[in-house]
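> I need the structure of the sequence given here:
(chains A and B, ligands or ions: 2)
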Amino acid sequence: MALVIRHAFRPIITTQYPEERLVPSKRIRAPQLVWEEERCTVCATCAKACPQGNITIVSESLPGNKYGMKHLEIDHGRCMFCGLCVEACPFDAIHLGRDYEQATYRRSQLVLTRDEVRLSEKRKASGYFRPRFEAEMPPQTLLVYGEKKGK
Amino acid sequence: MALRTEPIVLNIGPQHPSTHGVFRMRVTFDGEVIVGLDPVFGYLHRGFDKLAESRTYTQFIPLTDRLDYLASMSNNFAYCLAVERLAGIEVPERAEYIRVIMAEAMRISSHLMAVGFFLNDCGASVYTPLIYMYREREKLLDLFDMVSGQRLTYNYMRIGGVSHDLPPEFLPALRKFVQEMPAFIDEYDQLLAENEVLLARTKGVGILPRELAINASASGPVLRASGVEWDLRKKDPYSIYARFAFDIPTAETGDSYDRYWVRMQEMRQSVRILEQALAQLPEGPVRAEVPHLVRPPRGEVYSRIEAPKGELGFYIVSDGSVAPYRLHVRGPSFINLTALREMCLGWKLADAIAILGSLDIVMGEVDR
Ligand code: SF4
Ligand code: SF4
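Residues are numbered from 1 along each chain as shown, chains lettered A, B, ... in the order given. Ligands and ions are numbered 1, 2, ... in the order given. Take a look at the predicted model:
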């Protein structure tokens, strides 16, 4: 009985999901990849690093002896979000995302091209392997230790 | 006049919740008594050993996560150690400590699940402990999440170290966990050690005798419950385990209760190792300078660690290229299952479920 009473007065640790949200880890590897065009040199190191072969890069030569990205396609449906492409990129141009709600109705909607994976206000990058983003993110909510802040 | 009986064959699984995944037992009953049992595996076969041959050494690390998914980092650890041994790579001191911290935290988290599900298999009247154990595991998952950004498949260790350093919030949270955990283990003990249902269902049930355990090359808590003091962390020390003081808990009879008891004691020992590792944790780099494409010299290696479920070994043959020529995983769950038949003969169906639960299998590791 004492146990029951003790538990009755403990803080509630469940989260009422859509209304209440926890702050995820700063290094969250959520199901999306985020790409920054300005930094990318189209070296395709990320495509080579991917164990699944999810990243397709087609380059084109531009005037002035430069390379540009003709076509970029990332198959998020087969991605396991291991982050190896992020670690491999020598120019910090591809990141994992922060938004963890990525359900779609069709598998084909998970194959995203260059304009859809670009870094933007809506598509934010996570701090995984990217200290510059990590520094700006709020601390993670720890579920059991009862500091439910991020509502 | 004796009743004329006929043996009947019953399939349990492959999708039954109490088979811990997609495992199928073909059980032959005489009346209610089990007279034959054939484990049938292969429903989750994904060809990991073969997949490794078409991936570079680094690219295989995220796949090892998917073997024993309740202890992913232990798999990373075993694989990275094997490649490091093959390629002769030195790991920085701090990375070694971080690896040990992760491996022991993983052991606690895996044993919590093992014990919780085992109790659940013993009957719904002991469902509460599972929820308690989820609560403790949640704290560890928060910690792993903080370090690697994932809650199940961490992909945290790399050849030559670990992928990131620990975030600043990690150590205080882990210290808090280490302080609190012994009290929680005491609480479970109090709840369970004299629980009549548990004792009746597990004491003397599914005995795995010492000789059979050794002959079936069982390992981990299953072997130690049968009275064999064999722990690779002590008997064949890898990484920096030789620096820590801890005991190897063993039991006498090798019944289901002993296997449960050994796991409980191991959690206490892991907390002890965590305490020591936290006190000794040095500063420094966490990753050695390793080329992007690791090319180990020609040769072969078998390297093993004491994973939560037993001896987890990786056998790699290298032909000097960037991908393994051949890779084989020795999964402890798979080998521990080989003695299941002998343990179940003569018991009833409900006991078979409890015995299987006490073995602590993860199907990802059984069907590779
Ligand atoms: S996160 Fe991993 S699986 Fe996904 S695209 Fe990058 S390397 Fe490939
Ligand atoms: S994202 Fe990085 S690795 Fe990939 S092509 Fe661009 S610069 Fe190269």
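
> For the helix or strand harbouring residue B:147, buried residues please.
Using DSSP states H and E, the element containing residue B:147 is helix B:128-148. By neighbour count with 16 or more other Cβ atoms under 10 Å in any protein chain shown, helix B:128-148 contains the buried residues B:129-130, B:132-133, B:136-148. Bear in mind the C-beta positions are built from the backbone N, C-alpha and C, glycine included.

> Give the rounded mean pLDDT of the lengthiest helix in chain A.
Counting residues, the longest helix in chain A under DSSP state H turns out to be helix A:2-8. Helix A:2-8 carries an average pLDDT of 80.

> Return the helix or strand in chain A with minimum mean pLDDT.
Lowest by mean pLDDT, DSSP states H and E among the helices and strands of chain A is helix A:2-8, with a mean of 80.

> Please export the C-alpha coordinates of that helix as PDB.
Extracted in PDB, the C-alpha atoms of helix A:2-8 (Å, rounded to 0.1, in the frame of the first residue of the first chain):
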ATOM      1  CA  ALA A   2       2.800   2.400   0.900                       C
ATOM      2  CA  LEU A   3       4.200   1.600  -2.500                       C
ATOM      3  CA  VAL A   4       1.000   2.500  -4.200                       C
ATOM      4  CA  ILE A   5       0.700   5.800  -2.400                       C
ATOM      5  CA  ARG A   6       4.300   6.600  -3.100                       C
ATOM      6  CA  HIS A   7       3.800   6.000  -6.800                       C
ATOM      7  CA  ALA A   8       0.600   8.000  -6.900                       C
END
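
> distance between the following helix or strand past it and the chain's centre?
Sequence-wise, the next helix or strand downstream of helix A:2-8 (DSSP H and E) is strand A:30-35. Distance of strand A:30-35 from the chain centroid (Cα atoms, centre = their mean, to the nearest Å) equals 4 Å.

> Alpha carbons of strand A:30-35, as CSV, please.
Provided in CSV are the C-alpha atoms of strand A:30-35 (Å, rounded to 0.1, in the frame of the first residue of the first chain):
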residue,chain,number,x,y,z
ALA,A,30,16.1,11.4,-37.8
PRO,A,31,14.9,10.0,-41.1
GLN,A,32,16.0,12.7,-43.4
LEU,A,33,19.2,13.9,-45.0
VAL,A,34,19.9,17.6,-45.5
TRP,A,35,22.1,19.0,-48.2
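
> Got the confidence number for whichever residue of the stretch 151-300 of chain B sits closest to ligand 1?
Nearest to ligand 1, among the residues of the stretch 151-300 of chain B, is residue B:155, at 8.5 Å (Cβ to the nearest ligand atom). On the pLDDT scale, residue B:155 is placed at 88.

> do the same with residue B:204
Residue B:204 is assigned 84 on the pLDDT scale.

> One more: residue B:302?
Residue B:302 carries a pLDDT value of 91.

> Give the full set of residues in contact with it.
B:82, B:313-315 (Cβ atoms under 8 Å, 6 or more residues apart in numbering or on different chains).

> Restricted to helices, list the residues you listed.
Per DSSP H, the contacts of residue B:302 map to helices at residue B:82.

> With pLDDT and distance to chain A added, can I get the contacts of residue B:302 in JSON lines?
Shown next, in JSON lines, are the contacts of residue B:302 (pLDDT from 0 to 100; distance: Cβ to the nearest Cβ, whole Å):
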{"residue": "B:82", "pLDDT": "91", "distance to chain A": "18"}
{"residue": "B:313", "pLDDT": "90", "distance to chain A": "22"}
{"residue": "B:314", "pLDDT": "91", "distance to chain A": "17"}
{"residue": "B:315", "pLDDT": "92", "distance to chain A": "21"}
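
> nearest spatial neighbour of residue B:261, skipping sequence neighbours?
Leaving aside its sequence neighbours, residue B:261 sits nearest to residue B:251 (Cβ to Cβ, 6 or more residues apart in numbering or on different chains; 5.7 Å).

> Just to be sure, the one you found is in a strand?
No: Residue B:251: not assigned to a strand; according to DSSP: H, G, I helix; E, B strand; the rest coil it is coil.

> Next, it: phi, psi?
When read as degrees, to the nearest 10, the backbone of residue B:251 gives phi -120, psi 180.

> Regarding residue B:51, what is its secondary structure?
Relying on three-state DSSP, one would call residue B:51 helix.

> dump the residue contacts of it.
Neighbouring residues of residue B:51 by Cβ under 8 Å, 6+ apart: B:60, B:63.

> Could you do residue B:250 as well?
Counted by Cβ under 8 Å, 6+ apart, residue B:250 has contacts B:224-225, B:227-229, B:262.

> residues from the stretch 151-300 of chain B in reach of chain A?
B:153, B:155, B:163-164, B:167, B:169, B:173, B:176, B:292 (Cβ under 8 Å from any Cβ of the partner chain).

> out of everything not next to it in sequence, what's closest to the most centrally placed residue in chain A?
Chain A has residue A:97 as the residue nearest its centroid, 1.8 Å off, counting by Cα atoms, centre = their mean. In space, and not counting its chain neighbours, residue A:97 is closest to residue A:32: 3.4 Å by Cβ to Cβ, 6+ apart.

> looking at it, the one you found is touching residue A:102, isn't it?
Yes: the criterion here is Cβ atoms under 8 Å, and residue A:32 meets it with residue A:102 at 5.7 Å.

> The two - which one has more neighbours?
Neighbours were counted for residue A:32 and for residue A:102 using other Cβ atoms under 10 Å in any protein chain shown; residue A:32 has more, 25 against 12.

> Check the offset of stretch A:77-90 from the chain's centre.
Distance, stretch centre to chain centre, for stretch A:77-90: 10 Å (Cα atoms, centre = their mean).

> ok, that stretch near chain B or not?
Yes: Stretch A:77-90 lies within reach of chain B by Cβ under 8 Å from any Cβ, at A:80-84, A:87-88.

> Tell me if residue B:38 really is in a strand.
Yes: counting by three-state DSSP, one finds residue B:38 located in a strand.

> Can you give me the distance of it to residue B:359?
Distance of residue B:38 to residue B:359, given as Cβ to Cβ, to the nearest Å: 16 Å.

> what about these two, which has more around it?
Per other Cβ under 10 Å, whichever of residue B:38 and residue B:359 has more neighbours is residue B:359, with 26 against 12.

> so what's the more buried one up against?
If a contact means Cβ under 8 Å, 6+ apart, then residue B:359 has B:222, B:259, B:333, B:336-337, B:340 as its contacts.

> between these, which is nearest ligand 2?
Checking the contacts of residue B:359 one by one against ligand 2 (Cβ to the nearest ligand atom), the nearest turns out to be residue B:333, at 37.6 Å.
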